Every structure is written in structure tokens, then in C-alpha cells.
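**Student:** sequence and predicted structure are below.
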Amino acid sequence: MADYNGLGLFDGKDKPTPAIAWKFYDKGLGFNAQIKLEENVKLNRNFYISKQWEGVESNGLPTPQFNFLKRTAGFIVANITSDNIRVTATALANTVGTNSYKQLVDIVNDEFEAIIERNKVPARVRKFASKAAIDGDGCLYTYWDAEAETGQESKGAIVTEVVDNTRVFFGNPNDPRVQSQPWIIICKRETVRNVKIRAKNNGSKDWKRITEDDEDNNRLDAAKYNDGLVTVLMLFWRDDNGVINFYECTRDVTVKEPTSMDIKLYPICWLNWDEIADCYHGQAMITGLIPNQVFVNKSWAMTQLNILRSAFSKVVFDSTRVKRWDNRVGGAIGVTGNVDGVAKILDPAPINPQVSQFIQLAVEMSEQSLGATSVALGDTRPDNTSAIIALQRAASTPNEITKQNLYDAVEDLFRIYLEFMGEYYGKRFVDSPITSKEREAVLFAQPLNPDLEVPEEVPVEFDFSLLKEHPVIIKLDVGASTYYSEIAATQTLDNLLMNGHIDIIEYLERVPDDRIPGRRALLEAKIKARDAIQQAQAMPPVGGGEQIPGMPQAGAIQDLGIKPDVPTGSGYSNLQRTINKTGTTEGLV
């Protein structure tokens, strides 16, 4: 039997301690200091919020700011994000009995919609992408709030929040993949009181020893409020069975003992704007444009200084003949002798027009390098719609990789949601479409209770632990593609119905719920009517030939509306002459 003693993750041990967790934390701080993460993030944020002369000694030079970085970054982030985030779960294609999982998949999709609304996922994703563009990395952290009210006996809800990249530390800083990390630390600053309450509720014996402290690393703003705050470390790691574990502590006190989360995915989503080799931190979009912004600001500053100093003409006068020059309007100036040659006006030197041209060129080329062209920004007249659409599509190409990476991150987020749902939801009531038998029972009882309405859905109890037993795969539709695909699919169904290629039941089975109010009730009614007709057609004539209203008589030839073919051709046949005279083909065909 192999001996694995001494191979524990925490200095040969199986469980962490505050000292070990702080050792990991210091290791992460050291790596960030090597790549100057704190300084770069602070600089990027200052330039984004128009604090672009921070720490610069101007020495009397004007300090103008023409912040094209914010406009460009805002446009790019808005271009790759969308409010219409739609996530669809489908059973794996190689799963036996895929059709039997339809109810399971529908319940998961409905719960996804609820999670999106509860957590305001579109807003979180926009901030997530904005953090990546400005700081270099975006991070979404998901946790389980066991005390959240749900209106049911089973409590708890999934919560997602955005975390700064300067507060996330990977066990392997050379690998940006989250799920391959040996451990991950998230650092937070919380009030001492809240941490003490949480530690006491978790059974910590040393909760009274928790005291406020100062962050000993070079954080982004040294002047920020620190009174009454304490640094808390949340340590996640994967055990030998692939299960994620959790530990929380301050520098000296354990807030929560090591606990298994019973999920197999780290509850963290990570996005690099531009990847850097052998580094889990990425390159921010703004970092490469800061020198261009500095050039624009300095050029404007020197131009303004030149205008202030020489924009107005100067008067040069003979001080031997004029004691003092008077600039008052209408004021008289006394001159000794002839007035010729007493004073002269000096015109200011003109500014080289290439200065403004270079400033404008620097801004335009900076924006175009990121795809924020004048066409994409809406600064041109749409004289040719086809050309405008083509240019806008071409403008979005430079950010297509980042856009796809964002979609992958959102997909990872919903995979984490599935893990939490399968482990923590338990048994909950969900809305399920009413079955045909239930509808028949309600309709049967309506004569006795006229106020009884036929519901579209009924609450049923569902055990979400089934998600851990049945594999599902996430199909992701995000952004403009979703708008197009839904509209195109609906238009296609409309055309198929109008052209008679599908019937109304097939149409209602495929159209989305939000397209037709009461779609499910209408579908059930159509199915019931179809079944009644089929059942009536299958019954023999009653009472010696009594005909069912609306049904063809037994033995009769039903007119299907199919007209006989009339031969056509270049000649004028006898059949055609007869049809022209009588107007019918009876007895001829």
C-alpha cells in the first residue's frame, strides 16, 4: 500500500490553521508585489475616473483632461455584455432516456431565471467585465446564504458578488485556470463586530480575541477608513476526493473550522482581459493606452499654456517718450514730440496646426485599435445601411476573443449554480404544467363548482438532489445572438404555420412561453380537442346510422378539396374545349 504521509497540502497536515492560511496569504502578496499589481490597478482606476494628473508636479502648467479612455472602455464593455442573458440546460445527448429528463431540465431552467433576477446577474456580469477591462481581471464569488427566505419550509439562496482581483490569491500563480488550483484565498475587510458574531455562532472559542488591524500591504488607498475593521481570509481547497473545502480565519483566530462544501467546483469565476503567459493575472485594456492618454493631456496642457501667454497681442512703446501706457478704453496717452514710432502692436505667433492634428490622430488611432471606430461609436451618418452594418461587425472583431471568454465565464458561473442547487436546495415546491388528466378532473368538477378555474401550473415537490445523479450540460446564449435567434426562430415557426407545414399544436409546443400569453393552457385545449375528434372518428356509427355532427357519414366519400388534374400543353384538346363550354369536368375525368 502506498504511503502518502507528509503529502498533506498544509505543511504535511490535512487541515489548515490561521498561521498556515496567513502564510499562503503572504505568498500571494509577494507575487502581486513582484508584478506591481497594486500600483498598476491604482493607476488604471485613476485614469479611468479622470484623476489623470495624480501625483504629478505641474509647476504652473495647466492640467487639462480629455478622457477618451473612459469612453472607449465603456463602449467596449457595453459591446461585449448584454442584459439579455439566457442560459439553457439540456440533458447530455449520450444520456439514456434523454426525453425522460424534460421535466428536470424545465425546472432547472425556471430556477435559472429566478437566480438571474434575484442576483441581478446582468448587472454583475457588466461589472465583472468592467473590472477585467480596468484592473486586468474580473472575479465572481458565489456562496450559499442559508438564512435567505424563500417562502417555503426549505430556506437558503445562492448569492453572487464581484470581488477585486487584488483580493484573490491562487495557489499556483502561474496558472489562470480556477479549477486546477490547489487552493484559493479571498481576502476581505469586515467590521470586528460582525466577524465576532459569526465566529461565536460557528462555535469558535477564541472569538473574543478578534481585534481590529491594519492592512500591512500597500493597498490602493492608504487614506481609506480602517477603524474597527479586521482582515478575514477565506481559504478554499480541493481534497483527495475532489470535493471543495472551506476555512475562515483572521490572523490569529479561527472564524469557521474546516468544512466540506460538498461541491466539486470552486465557487469562483475568473476572467482575464488579455492573458499573460505564466501568470494568473491578466493585462488590462487601459494599461496599454495610458501613454497615449498622457501624450494627449500633455499636448493640450502645452497648447493651453501657449494660448494663455500669447493669445493676445502685446504693445511695445517708447518709454523715453511715454512714461506709462494706458489700456483704458478711450483713455488719452501723453506723448512728447511726434507721435510716429511711439508704439507698435506685436501679433502673437500662430500655433502650428499639426499639434491639433496629432492630438486628434492619437485619440482616433487609440480608439480604432480597440474597435471603437467612428462608425461603431455612432459618429458618422448612416448613408449606406449595409456598409454601416458591415463596418460595425468588423469593428467588433478585435474584441471577439474577449467576448467569447466572457461567455465561457458566465457558463462556468451557471455550472457552479447547478452544484449549489444539487447540494443545498433539498426538496422544494416548484410550478409544474398541469397534465391532461388533471385538467380533465378539474373540468369534470366544474359543473359542481362553477367558480373553479383550470390552472396552467400546479405546485409539486421536487428533490433537487437529483441534479447530482443526472448529468446535464449547459447551453449558453448571451447577447445579440439571443435576440436574433429568438426572433428568427419565432418568424420561422410563423411561416411554417401559415404555409400549412405544421399544425397549431406543433406550433404551440415550440414557441416560447413569453410570446403567447397562456400558451400552455391553449396548448392543452387544442390537444384535448384533437383527442376528442380522433376518438369520435374511431367510434362506429351509433343507432343504425346516426351521424355525429361535424363528422362525415360512414361509407360516404369525403370531399378533401383536391381538384382533378387537367392536362395542359401547347395544343387545344377536346377535353379543354368541353371544359370551356360546360365549366366542369364531371363525366370527363
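**Tutor:** Yep, that arrived.
**Student:** now do the strands in the stretch 201-350 of the chain.
**Tutor:** 229-238, 244-249, 254-260, 268-272, 274-276, 279-283, 314-317, 343-346 (DSSP state E, counting those that start in this stretch).
**Student:** reformat these as CSV; add distance to residue 410, mean neighbour count and mean pLDDT.
**Tutor:** Any C-beta I mention is one placed from the backbone N, CA and C, and that applies to glycine too. CSV is the format used below for the strands of the stretch 201-350 of the chain (distance: least, C-beta to C-beta, whole Å; neighbours: other C-beta atoms under 10 Å; pLDDT from 0 to 100):
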stretch, distance to residue 410, mean neighbour count, mean pLDDT
strand 229-238, 21, 21, 94
strand 244-249, 20, 22, 96
strand 254-260, 27, 17, 95
strand 268-272, 8, 24, 96
strand 274-276, 18, 14, 91
strand 279-283, 17, 21, 95
strand 314-317, 64, 12, 80
strand 343-346, 65, 10, 78
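**Student:** reformat the ones you listed as a markdown table; add distance to residue 448.
**Tutor:** What follows is the strands of the stretch 201-350 of the chain, written out as a markdown table (distance: least, C-beta to C-beta, whole Å):
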| stretch | distance to residue 448 |
| --- | --- |
| strand 229-238 | 59 |
| strand 244-249 | 56 |
| strand 254-260 | 55 |
| strand 268-272 | 55 |
| strand 274-276 | 69 |
| strand 279-283 | 68 |
| strand 314-317 | 104 |
| strand 343-346 | 106 |
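**Student:** out of those strands, which gets nearest to residue 215?
**Tutor:** The closest of the strands of the stretch 201-350 of the chain to residue 215 is strand 229-238. By C-beta to C-beta, the value is 6.2 Å.
**Student:** what lines up beside the closest one in the sheet?
**Tutor:** strand 183-191 (antiparallel), strand 244-249 (antiparallel) (DSSP bridges).
**Student:** make CSV from these and add distance to residue 430 to it.
**Tutor:** Listed next are these as CSV, based on distance: least, C-beta to C-beta, whole Å:
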stretch, distance to residue 430
strand 183-191, 32
strand 244-249, 27
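**Student:** quick one, which of the ones you listed is nearest to residue 303?
**Tutor:** For residue 303, the closest of these is strand 183-191, at 43.6 Å, according to C-beta to C-beta.
**Student:** pull out the CA atoms of that closest one and give them to me as CSV.
**Tutor:** Extracted in CSV, the C-alpha atoms of strand 183-191 (Å, rounded to 0.1, in the frame of the first residue of the first chain):
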residue,chain,number,x,y,z
TRP,A,183,-6.1,26.3,-3.1
ILE,A,184,-7.6,29.8,-3.4
ILE,A,185,-7.8,32.6,-0.9
ILE,A,186,-10.2,35.6,-0.9
CYS,A,187,-9.3,38.4,1.5
LYS,A,188,-12.0,40.7,2.9
ARG,A,189,-12.1,43.7,5.3
GLU,A,190,-15.1,43.4,7.7
THR,A,191,-16.2,45.1,10.9
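**Student:** state the distance from the most centrally placed residue in the chain to residue 507.
**Tutor:** Nearest to the mean C-alpha position of the chain, by C-alpha atoms, centre = their mean, lies residue 125 at 3.5 Å. Separation of residue 125 from residue 507 (C-beta to C-beta, to the nearest Å) stands at 33 Å.
**Student:** just to revisit the earlier point, so which of the strands of the stretch 201-350 of the chain gets nearest residue 490?
**Tutor:** Closest approach to residue 490 among those (C-beta to C-beta): strand 268-272, 31.6 Å.
**Student:** next, the contact list for residue 467, please.
**Tutor:** By C-beta atoms under 8 Å, 6 or more residues apart in numbering, the residues touching residue 467 are 104, 108, 418, 421-422.
**Student:** need those in TSV with secondary structure, pLDDT and neighbour count, can you?
**Tutor:** Formatted as TSV, those follow (DSSP: H, G, I helix; E, B strand; the rest coil; pLDDT from 0 to 100; neighbours: other C-beta atoms under 10 Å):
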residue	secondary structure	pLDDT	neighbour count
104	helix	84	17
108	helix	89	24
418	helix	92	20
421	helix	93	22
422	helix	91	21
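**Student:** quick one: contacts for the nearest residue to the residue nearest to the centre of the chain once chain neighbours are set aside?
**Tutor:** In space, and not counting its chain neighbours, residue 125 is closest to residue 81: 5.8 Å by C-beta to C-beta, 6 or more residues apart in numbering. By C-beta under 8 Å, 6+ apart, the contact set of residue 81 is 122, 125-126, 129, 406, 479.
**Student:** and residue 179, what is it in contact with?
**Tutor:** Contact analysis of residue 179 by C-beta under 8 Å, 6+ apart lists 265-266.
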